[in-house]
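Enquirer: Mind looking at a prediction? Sequence and model below.
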Amino acid sequence: MTDLLVLGGSGRTGIHVLRQAAERGHRVRALVRSPDAVQAPAGIELIRGTPSDIDDIRKAARGADAVISVLNNARASDNPWAKPISPPHFMTDAARDTLTVMSEQGIRRIVLTSSQGAGDDWARLNPLVKAFIKMSNIKAGFDDHTGVDEVVRASDTDWTLARAVALTDKPVS
C-alpha cells in the first residue's frame, strides 16, 4: 500500500485517479479547493487548499510516498477552445512548488499528466497542427505543459509524464 498525494483530484481526470487508487488499496489524500464539492470514493482524505500555495502542498504531502498530479488549466467552459482562466503558468508553478516540497519531505516519485506536443514532443507535431496551436488560445496551455516538462526533467526525482491526446468520460464506442 502506498500513501499518495493527488493534485487535481476534483477534476474530470482526477476523480478517476482517486477511484482507481482507492480500488487498488492505496491510502490517498487529495488537495482540493472545495472538499464539500468533491464526490470522492470512500476512504479518500480531502485536504482543503490549493496547489497555488506551497504551504498547502506541504500540509497535504506529509507522509506521502508519491505524488500524482492531474492538474490542468481551467477554462471558461469544458470546451477545449474556451478562454483560459487559470494564471498563465499555473501548472508550471505548481509543479515547481510540488518538487520543492517533495525534496523537503524526501518524496522521490511523481507522475504528471501532460499533453501530446508539449515539451520535447513539440517536434513530432504536424506543421499544420503547430500553426493552429500557435494561433489559438490553446497555446497558453501548451506553453504551461512545456514549462512543467522542463521543471520536472531538471529535477532529481523519479518522474513520469503521461501525455494524453484526449480524455473523455464518454463510453468506449
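Expert: Nice, thanks for sending it over. If you're wondering where the values come from, they're calculated on a predicted model, not measured in any experiment.

Enquirer: the bottom helix or strand of this structure by mean pLDDT?
Expert: Among the helical and strand segments of the chain, the one scoring lowest on mean pLDDT, DSSP states H and E is helix 127-135, with a mean of 90.

Enquirer: distance between the helix or strand following that helix and the chain's centre?
Expert: In the C-terminal direction, the helix or strand that comes right after helix 127-135 (DSSP states H and E) is helix 139-154. What separates the centre of helix 139-154 from the centre of its chain is 11 Å, taken as CA atoms, centre = their mean, to the nearest Å.

Enquirer: Show me the helices in this protein, by range?
Expert: For the chain, the helices defined by DSSP state H cover 14-23, 54-61, 90-105, 127-135, 139-154.

Enquirer: Dump those to a markdown table, plus mean neighbour count and distance to S34.
Expert: For glycine as for every other residue, the C-beta is placed from the backbone atoms N, C-alpha and C. Formatted as a markdown table, the helices of the chain follow (neighbours: other CB atoms under 10 Å; distance: least, CB to CB, whole Å):
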| stretch | mean neighbour count | distance to S34 |
| --- | --- | --- |
| helix 14-23 | 18 | 13 |
| helix 54-61 | 18 | 13 |
| helix 90-105 | 21 | 17 |
| helix 127-135 | 11 | 31 |
| helix 139-154 | 20 | 22 |
